[in-house]
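**Q** here's my sequence, what's the structure:
(2 chains)
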Amino acid sequence: KAGVTQTPRYLIKTRGQQVTLSCSPISGHRSVSWYQQTPGQGLQFLFEYFSETQRNKGNFPGRFSGRQFSNSRSEMNVSTLELGDSALYLCASSGGGLNQPQHFGDGTRLSIL
Amino acid sequence: AQSVSQHNHHVILSEAASLELGCNYSYGGTVNLFWYVQYPGQHLQLLLKYFSGDPLVKGIKGFEAEFIKSKFSFNLRKPSVQWSDTAEYFCAVIENSGYSTLTFGKGTMLLVSP
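**A** Numbers count the residues shown, from 1 in each chain, chains lettered A, B, ... in the order given. Model (predicted):
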């Protein structure tokens, strides 16, 4: 079956703009998690959605937000972009249980100029 | 808050050498443990996982890991590495809080020379 699909793959924005990233999970998966990957900080958890509800949230400012739709697709929004937001944003999906590993997409590479 | 430490940021080995990558976590409760691998230009892939039972778990491509609860460790091993094992390896933990949130280590970049 198809894997986790993230769009777009690459994005270039300037400071102050906002951006929306999209993630389509594996069919049947109800949990979608977002992570930020940077060379300095590694992989950091942003938030998790399960059945359209935010179930957990990492330690990121309110400029980072997300949502999940009834078909489990998820979007992540970042407002008032800063240079430090340049990163690879990864989406992962799973069935939502503790014993169900997460499957990752290829990510969206966001560059802020 | 829990944390995950990976001992080496970079490891360089020759083909056929043995590999052991260290991973320690800080959480004192029940955890699920994972190793993920990221090959150049590819997405993160699950290498192996430990939920319960036999603390020695086997994964794909000849990798294995041993969970030692008393040492809060989950080290990754492979008896003989290949050039194709060149990749970044991430140890990750989920605490059994009801959420499926992964806490990752900083990663270890493995370079295998032919």
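**Q** hey, what's the residue nearest the centre of chain A bridged with?
**A** For chain A, the residue nearest the mean C-alpha position is A:Trp34 (3.2 Å; CA atoms, centre = their mean). Counting by DSSP bridges, A:Trp34 forms beta bridges with A:Phe47, A:Cys91.
**Q** mind checking pLDDT for it?
**A** The predicted structure scores A:Trp34 at 97 on the pLDDT scale.
**Q** which ones are touching it?
**A** A:23, A:45-48, A:66, A:74, A:76, A:89-92 (CB atoms under 8 Å, 6 or more residues apart in numbering or on different chains). Quick note: C-beta positions are derived from backbone N, CA and C, even for glycine.
**Q** how about B:Leu21?
**A** Residues in contact with B:Leu21 (CB under 8 Å, 6+ apart) are B:6-8, B:11, B:75-77, B:89, B:91, B:108, B:110.
**Q** the most centrally placed residue in chain B: what secondary structure?
**A** Using CA atoms, centre = their mean, the residue of chain B that lies closest to the mean C-alpha position is B:Trp35, 3.4 Å off. Secondary structure state of B:Trp35, per DSSP: H, G, I helix; E, B strand; the rest coil, is strand.
**Q** close enough to count as contact, it and B:Ala65?
**A** Yes. Judged on CB atoms under 8 Å, B:Trp35 makes contact with B:Ala65 at a distance of 5.9 Å.
**Q** touching both of those two, which residues are there?
**A** Listed as contacting both B:Trp35 and B:Ala65 by CB under 8 Å, 6+ apart are B:48, B:59, B:74, B:76.
**Q** who wins on neighbours among the contacts of B:Leu21?
**A** B:Cys91 (29 neighbours; other CB atoms under 10 Å in any protein chain shown).
**Q** who are the packing partners of the helix or strand that residue falls within?
**A** Using DSSP states H and E, B:Cys91 sits in strand B:87-95. For strand B:87-95, the elements it packs on are strand A:42-50, strand B:4-6, strand B:23-25, strand B:31-38, strand B:73-78, strand B:103-104, strand B:108-113, judged by 3 or more CB pairs under 8 Å, 6 or more residues apart in numbering or on different chains; DSSP states H and E.
**Q** quick one: contacts of the shortest one?
**A** So the one you mean is strand B:103-104. For strand B:103-104, contacts defined as CB under 8 Å, 6+ apart pick out A:35, A:42-45, B:2-4, B:25, B:36, B:90-95.
**Q** cutoff 6 Å now
**A** Strand B:103-104 is contacted by residues A:42-43, B:2, B:4, B:90, B:92-93 when judged by CB atoms under 6 Å, 6 or more residues apart in numbering or on different chains.
**Q** swap in the fourth one?
**A** With contacts defined as CB under 6 Å, 6+ apart, strand B:31-38 is touched by A:98, B:44-51, B:65, B:74, B:76, B:87-95.
**Q** so what's the residue count around B:Gln45?
**A** B:Gln45: 15 surrounding residues under other CB under 10 Å.
**Q** and chain A, which of its residues are near chain B?
**A** When proximity is defined by CB under 6 Å from any CB of the partner chain, chain A lies next to chain B at A:31, A:42-43, A:45, A:48, A:55-56, A:94, A:98-99, A:101, A:104, A:106.
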